[in-house]
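Novice: pasting a predicted model and its sequence here:
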Amino acid sequence: MGFSTDAIHAGQIPDPTTGAITTPIYQTSTYAQEALGVNKGYEYGRTHNLTRQALEKNIATLEKGKYGIAFASGLASVQAILGLVKSGDHLVVTDNVYGGTYRLMELIFKNYGLDFSWVDTSDIKNIENAIKKNTKIVYIETPTNPMLSLTDIQATAKICKAQNLICVVDNTFMTPYFQKPLELGADIVLHSTTKYLNGHCDIIGGMLITNDEMIHERLRYLQNAIGAVPSPFDCWLTLRATKTLAVRMKQHNENAIKIADYLSTNSYVKKVIYPGLKSHPQHELAKKQMSGFGGIISVDFESFNNAKKISSKVKVFTLAESLGGVESLLCHPASMTHASVPKEERDKLGITDGLLRFSVGIEDVEDLIADIEQALTS
Ligand SMILES: *Cc1c(COP(=O)(O)O)cnc(C)c1O
């Protein structure tokens, strides 16, 4: 089936009780059992929920995966990944990952005896060099947030396969509409469904997708044992949202390309970072492993004052954390999403005080460009 057909139908069957075309919100914590040891396969809400199962099947299908495991947030799914290893194990991680991922690993799980190497995975040699005897996982995010640096998924997966390591890819920015890591050889795909998959800025959620039966079994166990599961209502909202994923992603991409072009020729701008621009150092890799460039653009406006001025003057863009919704948002990573990353680390990564990240929504692009224009010139 094509992407949109799967997005609309996968994982969803008319409700067996009434024939309801929309998967119901099974808002229940427990299920009646017919006799001791006899039930319909549903015992307790943390372990089994049909709305959640429908969402898991739906997103897994879009990622070309067999199994989806849903979590209460993107970070809860990162935590589940860390449940695949034990004290004394080592992970190689993209140095410029989502700020919360860095915080969870480096400031919390390091205390439990996990060892992390933070490397610039845009150069595959750095991954190879960082692998040690006790390495178990290579965790990459591509494109990264907010620097939009890319890692070659196929090359990373190949290294992992040769050394028997688990290859995890955070695919939040691209979604399966533009990038399918499992097809490129990755073992696990991670999503913050909070972003594009849900796309309407009204839930927090996470998802892991895999084709590996053993990894699935362990993740399923962790989902129930840790208990960070999403609510049936949040699953239902996300299931409703993925139906329009294709049309939304097309529009995000189209709008972002136009805005990136506009900003590239603007004299107030020091640097525009967008994988769809020929000026992006990994534009060729972007074309190879992605079928679109997404809706995120990072722009260096030279100084904190410039960034502050622009973020206070925009009217259609809203200053807010998060990204991937239908509405356009603007964020100052150094003081917002990446505030917990030490300043010298931020500078090294290029997250300067003048950097603004645009999450381009699906409004009329003329209005978005006019909004940026008035903020720059007023
Ligand atoms: C937001 C985000 C996360 C964390 O997800 P939450 O749903 O906020 O917990 C992880 N990775 C990326 C790339 C993100 O953008």
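Specialist: Thanks, I have it. Remember, predicted model here, so these are calculated numbers, not experimental data. Numbering: from 1, shown residues only.

Novice: mind listing what's buried in stretch 371-378?
Specialist: 371-372, 375-376 (16 or more other C-beta atoms under 10 Å). Glycine gets a C-beta too; all of them are placed from N, C-alpha and C.

Novice: end to end on stretch 117-132, go ahead and measure it.
Specialist: Terminal residues of stretch 117-132 are spaced 10 Å apart (C-alpha to C-alpha, to the nearest Å).

Novice: residues in the stretch 101-250 of the chain within reach of the ligand, list them.
Specialist: Proximity of the stretch 101-250 of the chain to the ligand, by C-beta under 6 Å from any ligand atom, involves residues 101, 141, 145, 170, 172-173, 192, 194-195, 204, 206.

Novice: again, only using 5 Å
Specialist: The stretch 101-250 of the chain comes close to the ligand at residues 145, 170, 172, 192, 194, as judged by C-beta under 5 Å from any ligand atom.

Novice: point me to the residue of the stretch 51-200 of the chain nearest the ligand.
Specialist: residue 74 (2.1 Å; C-beta to the nearest ligand atom).

Novice: okay, the residues of the stretch 101-250 of the chain next to the ligand in TSV with pLDDT next?
Specialist: Formatted as TSV, these follow (pLDDT from 0 to 100):
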residue	pLDDT
145	88
170	98
172	98
192	98
194	98
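
Novice: quick check: strands, which of those are part of them?
Specialist: Members of those lying in strands (criterion: DSSP state E): 170, 192.

Novice: using JSON lines, lay out the residues of the stretch 101-250 of the chain next to the ligand together with distance to residue 222 and neighbour count.
Specialist: Below are those laid out as JSON lines (distance: C-beta to C-beta, whole Å; neighbours: other C-beta atoms under 10 Å):
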{"residue": "145", "distance to residue 222": "25", "neighbour count": "27"}
{"residue": "170", "distance to residue 222": "18", "neighbour count": "27"}
{"residue": "172", "distance to residue 222": "20", "neighbour count": "25"}
{"residue": "192", "distance to residue 222": "18", "neighbour count": "30"}
{"residue": "194", "distance to residue 222": "20", "neighbour count": "24"}
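
Novice: quick one: which of the residues of the stretch 101-250 of the chain next to the ligand is nearest residue 96?
Specialist: Closest approach between these and residue 96, by C-beta to C-beta: residue 145, at 7.7 Å.

Novice: before we move on, back to that, how far away is the residue lying closest to the residue of the stretch 51-200 of the chain closest to the ligand once chain neighbours are set aside from residue 38?
Specialist: Setting aside the residues directly before and after it, residue 74 is nearest to residue 192 in space (C-beta to C-beta, 6 or more residues apart in numbering), at 2.7 Å. Residue 192 sits 39 Å away from residue 38, going by C-beta to C-beta, to the nearest Å.

Novice: list the contacts of the longest strand along the chain.
Specialist: Of all the segments of type strand in the chain, defined by DSSP E, the longest one is strand 135-141. Contacts to strand 135-141, defined as C-beta atoms under 8 Å, 6 or more residues apart in numbering, come from residues 81, 84-85, 89-94, 96-98, 101, 121, 127, 131, 151, 153, 156, 159-160, 163, 165-170, 172-173.

Novice: ok now do residue 80, which residues does it touch?
Specialist: Residues near residue 80 by C-beta under 8 Å, 6+ apart: 69, 71, 208, 219, 222-223, 226, 228.

Novice: mind giving me the domain ranges of the protein?
Specialist: The chain breaks down by automatic domain parsing into domains covering 3-242, 245-377.
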